[in-house]
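Undergrad: Fold the stuff below for me.
(2 chains)
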Number of protein chains: 2
Amino acid sequence: MTDPVTQNDSLPPNCLRLKRLGIETRQEFVIYMRADCPVCRAEGFTVHARVRVAANGNSIIASVHHVLDSLLGPDQASLSESAWLALAAQDGHAVTISHPRPLESLAYVRAKLYGRTLTPSQLTEIISDMVAGRYSDIELAAFVSGCAGQRLDPSEVLGLTRAMIEAGDRLDWDKPMIVDKHCVGGLPGNRTTPIVVPIVAANGLTIPKTSSRAITSPAGTADTMETMAPVDLDLGAMRRVVEQTGGCIVWGGAVHLSPADDMLIRVERALDIDSEGQLVASVLSKKVAAGSTHMVIDMPVGASAKVRSAEDAVRLTASLETVSAAFGLHTRVVVTDGRQPVGRGIGPALEAFDVLAVLRNEASAPADLRARAVELAGAVLELGGVTAPGGGCARATDTLDNGDAWAKFTQICEAQGGLREPPRSTHRLPVLALHAGRIGAIDNRKFAKVAKLAGAPAAPAAGADLHVRLGEEVTRGDPLFTIHAESPGELDYAAQYAAAHGDILVVFDE
Amino acid sequence: MTDPVTQNDSLPPNCLRLKRLGIETRQEFVIYMRADCPVCRAEGFTVHARVRVAANGNSIIASVHHVLDSLLGPDQASLSESAWLALAAQDGHAVTISHPRPLESLAYVRAKLYGRTLTPSQLTEIISDMVAGRYSDIELAAFVSGCAGQRLDPSEVLGLTRAMIEAGDRLDWDKPMIVDKHCVGGLPGNRTTPIVVPIVAANGLTIPKTSSRAITSPAGTADTMETMAPVDLDLGAMRRVVEQTGGCIVWGGAVHLSPADDMLIRVERALDIDSEGQLVASVLSKKVAAGSTHMVIDMPVGASAKVRSAEDAVRLTASLETVSAAFGLHTRVVVTDGRQPVGRGIGPALEAFDVLAVLRNEASAPADLRARAVELAGAVLELGGVTAPGGGCARATDTLDNGDAWAKFTQICEAQGGLREPPRSTHRLPVLALHAGRIGAIDNRKFAKVAKLAGAPAAPAAGADLHVRLGEEVTRGDPLFTIHAESPGELDYAAQYAAAHGDILVVFDE
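TA: Numbering: from 1, shown residues only, chains lettered A, B, ... in the order given. Predicted coordinates for the structure are as follows:
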């Protein structure tokens, strides 16, 4: 933490002295300098210029924001909080600011945008620069855009997966079999993981589950689980939980597996876009890095789910299986019904209440959520050799019925830091049927949007509770769903959207 | 400029009081708030959240940056300087911060990334939101990425051109014929505009030329012209210059023609990418908005120019002619040799010295630059009916030789605010031939990169001076080119790149 230049020395060329301003810009590092400071004058650094900032033997690439003379002296600079941390900076330290070496990997991003195919080594270079914090948000957005939809070919998907694995840590569990379960997402409320993990672990398999936070949905498994127990566990804590209980349900970002994934996901989330190849690389890089050997993938298919047609499901399954095989991972894809939300709640806490009802065998537990969890847990039990093929579902059902799954879930939550009750929303509004009829269609995407506008997942108690299922009859004035929010502004906002989009739930006249 | 909430009132919900911090972030508006302020707490606004900020009857969309308590009080917020200006903000004013209406046009950007074709009305909505400042940098980058290369089909190019015209001002010159000239770029040093405009204007045609600053090159025409005369003229000033002299050479961004173009160009520049469709829309939206009726387009073709093959030239010419015709613009494309830089200098001032030498009929004037300017001016004179077909070049040559072009140029510069001498670089380094031989190839892109690393165009005197032409013989130790910089750091940086890339100029052994 020592620095050769102390407060009393005169500054060498291209150096400024740090003053902490305390501005947080998150992933893209920012350096604040006066336009008339000696470094900007000498080097021509304008707003948004990308510069190399070195101090304490570390260096980062940052974007320039200019400040007027009220905030900084002519020989001073400041850093955004994340950059301050990355450089282990202290007030009064000298930093050296220079032109960064051009990033060769950006030429590959451009090549991709122009329609060319990237080699494994080009993808490795892109991901390595990205993880080192050398990409601006604009550059990250260009890469994500270049991979959108089906723009990555099979060799690129494999190359991207390998690059993402290599850019992070890898776990070694020193066991011959590590099972895992994943859902490709896109179906609101499909929160089977907190049910599958305890069923599987209660049957003696090892299932160290890392989950993501929401990408474009109102809640990710990590968001939901966080309303019931801590999920930000580091690697050591995660290992202790798995050793004690045989399983865990933690946020993957806290254990540095495939760190590029979180950077890509942040931009995908801002743009609300998906990429089929990035989806495969994202899922499999985390699973391979996590040391998984056997994995069941839940793939909901429906007109408004992430996978929209049987044709898409076949193509995605082939891609997942091919890339899995290249890493020695045994993967079984289970195609499920993605035509309507699962369970009742949409949003972190609302989904947690559904999960708890199933695990506690409550009479009110959503039958569809229970059935899906049993099907997926059964597939894991069969893949892991606990039962013969065909016997998995019966075993999973028993494990729920006899309370073993609930006991295992509480054991896992306590090991992760303590079981807790999910929060309740403070603002609610029911949305009513405008006429009598039968529920003909549910638009998952628009329904998820209502939950997001209500504040999910940032507001954990926010979201929506669905009161009807496809095919059910309703009369005029029946509540179709209830919007939950933690602030009146967000409740209003979701309500306005729901009022303007009468086709979220389509009620057919009888 | 009055505001209902004064310093002594208590603040209504979702309001904070402004304090100017003086941070400049340029195009993307930023609002600075404390994470623990009542608005962020109530609405869940995290870093990078997009929010609506309203004050003084205006509103903008801004990105949230959080600040610690040292900069702002709990009921205070600040704005980046451009946002401060856009809202006509004043210290102590109250601003209302709320969730913005979702931008429907972002769904079209996503559709484009997924490979779908956009309709004219979707493009109009995208460009209209963009010009209103509603797009974040990440969103702009996604749109630019979606249009990269040849990703826009003919109907989209036409739609984008119309959308860009409609989003800005349109000039009406009240004359039956307004001529214009444009170069599609990509050829270092091809600075014919400041020669063509005075030749054409001296022959009685009206040529109100608006030019861009550099996109991905070491200098744009506006950058070069600015070293000889002011170019940041507003519309009124531009009209007066054209009325007095028949022509002008000004920066297009100052007259609000096709404002979307400058936003797109900023991101294209950051990413260093081109889009064929955006190129057509960019050129033609500015020309149609500027009121042009007849235009000559210089299209250099060469392996390392922007247009790389005859095939590309044919496709781009067809696109330019088709879209021109839709707007009643008579366009003639002149395909020129793009295999090597034109003239000697690369960089704003260095190119200006070449231009001045040609206009002043100096013996040292680069013959290739003169010949190209004559060819293009000749084409304009023919298209404008000043001479019969085939007679344009002779007339252009006469206009240069008899001093009329130089006289017109000085007249235009004086009208724009005064002719001035371009600046000289302070740091220079010759790059020498390592062995004897014949100049076999010049890599325009790498040569341009040397000039950019040396500081061009931000540092106007920076760039590179080419001392040899294709086919010329050199002996060991002969200077191939000289790097010019305004700072030692930039000189070093360009020199290092030149040393590491021996193929910028390829010398064939004899």
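Undergrad: Number of residues surrounding residue A:389?
TA: 9 (other CB atoms under 10 Å in any protein chain shown). Quick note: C-beta positions are derived from backbone N, CA and C, even for glycine.
Undergrad: Next, work out how far apart it and residue A:382 are.
TA: 5 Å (CB to CB, to the nearest Å).
Undergrad: intersection of neighbour lists for these two?
TA: Common neighbours of residue A:389 and residue A:382 are not found (criterion: CB atoms under 8 Å, 6 or more residues apart in numbering or on different chains).
Undergrad: sec struct for residue A:134, please.
TA: coil (DSSP: H, G, I helix; E, B strand; the rest coil).
Undergrad: Was I right to think it contacts residue A:61?
TA: Yes. Counting by CB atoms under 8 Å, residue A:134 does reach residue A:61; the two are 4.7 Å apart.
Undergrad: which neighbours do the two share?
TA: With CB under 8 Å, 6+ apart as the test, residue A:134 and residue A:61 both reach residue A:100.
Undergrad: Spell out which parts of the stretch 201-350 of chain A neighbour chain B.
TA: Proximity of the stretch 201-350 of chain A to chain B, by CB under 8 Å from any CB of the partner chain, involves residues A:267, A:270, A:271, A:272, A:273.
Undergrad: Stretch A:44-62 spans what distance, first to last residue?
TA: This stretch, stretch A:44-62, spans 15 Å end to end (CA to CA, to the nearest Å).
Undergrad: Could you tell me how far it lies from the centre of the chain?
TA: Relative to its chain's centre, stretch A:44-62 lies at 29 Å (CA atoms, centre = their mean, to the nearest Å).
Undergrad: what does stretch A:31-44 give?
TA: 38 Å.
Undergrad: In it, which of the residues would be classed as buried?
TA: Residues of stretch A:31-44 classed as buried by neighbour count (16 or more other CB atoms under 10 Å in any protein chain shown): A:31, A:32, A:33, A:34, A:37, A:38, A:39, A:40, A:42, A:43, A:44.
Undergrad: Between the two ends of it, how far is it?
TA: Calculated as CA to CA, the first-to-last residue distance of stretch A:31-44 is 15 Å.
Undergrad: what about that stretch, average pLDDT?
TA: Average pLDDT, stretch A:31-44: 84.
Undergrad: Run through the strands of the stretch 1-150 of chain A in chain order.
TA: According to DSSP state E, counting those that start in this stretch, the stretch 1-150 of chain A carries its strands in the segments A:15-18, A:23-24, A:30-34, A:50-55, A:58-67, A:76-79, A:94-98.
Undergrad: Kindly reformat the ones you listed as TSV containing distance to residue B:369.
TA: Listed next are those as TSV, based on distance: least, CB to CB, whole Å:
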stretch	distance to residue B:369
strand A:15-18	42
strand A:23-24	48
strand A:30-34	39
strand A:50-55	33
strand A:58-67	35
strand A:76-79	43
strand A:94-98	35
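Undergrad: out of these, nearest to residue A:247?
TA: Proximity to residue A:247 (CB to CB) singles out strand A:23-24 among the strands of the stretch 1-150 of chain A, at 35.0 Å.
Undergrad: Packing partners of that closest one?
TA: Judged by 3 or more CB pairs under 8 Å, 6 or more residues apart in numbering or on different chains; DSSP states H and E, the packing partners of strand A:23-24 are helix A:81-86, strand B:58-67.
Undergrad: Dump those to CSV, plus mean pLDDT and mean neighbour count.
TA: Listed next are the helices and strands packed on strand A:23-24 as CSV, based on pLDDT from 0 to 100; neighbours: other CB atoms under 10 Å in any protein chain shown:
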stretch, mean pLDDT, mean neighbour count
helix A:81-86, 92, 19
strand B:58-67, 92, 22
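Undergrad: Can you add distance to residue B:320 and give those back as a markdown table?
TA: As requested, the helices and strands packed on strand A:23-24 are exported to a markdown table (distance: least, CB to CB, whole Å):
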| stretch | distance to residue B:320 |
| --- | --- |
| helix A:81-86 | 45 |
| strand B:58-67 | 34 |
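Undergrad: does residue A:410 really touch residue A:419, like I thought?
TA: Yes. Using CB under 8 Å, residue A:410 makes contact with residue A:419 at a distance of 5.5 Å.
Undergrad: Contact residues of the stretch 51-200 of chain A facing chain B?
TA: A:65-71, A:80-81, A:98-99, A:102, A:106, A:109-110, A:113-115, A:136-142, A:144-146, A:148-150.
Undergrad: Mind listing residues that contact the lowest-mean-pLDDT helix or strand in chain A?
TA: The least trusted helix or strand in chain A, going by mean pLDDT, DSSP states H and E, turns out to be helix A:38-43, with a mean of 78. With CB under 8 Å, 6+ apart as the test, helix A:38-43 has contacts from A:13-16, A:33-34, A:45-46, A:51, A:64, A:66, A:74-75, A:77, A:97-99, B:487, B:489-490.
Undergrad: dump the residue contacts of residue A:66.
TA: Residue A:66 touches A:32, A:33, A:34, A:35, A:40, A:46, A:47, B:23, B:24, counting by CB under 8 Å, 6+ apart.
Undergrad: hey, where'd the helices end up in the stretch 351-500 of chain A?
TA: Along the stretch 351-500 of chain A, the stretches classed as helices by DSSP state H, counting those that start in this stretch are A:367-383, A:392-401, A:404-416, A:444-453, A:488-500.
Undergrad: now these as JSON lines including mean pLDDT, mean neighbour count and distance to chain B?
TA: Shown next, in JSON lines, are the helices of the stretch 351-500 of chain A (pLDDT from 0 to 100; neighbours: other CB atoms under 10 Å in any protein chain shown; distance: least, CB to the nearest CB, whole Å):
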{"stretch": "helix A:367-383", "mean pLDDT": "97", "mean neighbour count": "23", "distance to chain B": "27"}
{"stretch": "helix A:392-401", "mean pLDDT": "98", "mean neighbour count": "19", "distance to chain B": "35"}
{"stretch": "helix A:404-416", "mean pLDDT": "98", "mean neighbour count": "21", "distance to chain B": "24"}
{"stretch": "helix A:444-453", "mean pLDDT": "87", "mean neighbour count": "24", "distance to chain B": "8"}
{"stretch": "helix A:488-500", "mean pLDDT": "90", "mean neighbour count": "18", "distance to chain B": "5"}
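Undergrad: from memory residue A:88 sits against residue A:60, does it?
TA: No. When contacts are counted by CB under 8 Å, residue A:88 is not listed as touching residue A:60 (11.0 Å).
Undergrad: which stretch of helix or strand covers residue A:333?
TA: strand A:330-337 (DSSP states H and E).
Undergrad: what's that strand packed up against?
TA: By 3+ CB pairs under 8 Å, 6+ apart, strand A:330-337 packs against strand A:294-301, helix A:310-326, helix A:367-383.
Undergrad: And the average pLDDT for the first one is what?
TA: The one in question is strand A:294-301. For strand A:294-301, the per-residue pLDDT averages 95.
Undergrad: who does it touch, helix- and strand-wise?
TA: Using 3+ CB pairs under 8 Å, 6+ apart: strand A:294-301 touches strand A:179-183, helix A:310-326, strand A:330-337, helix A:367-383.
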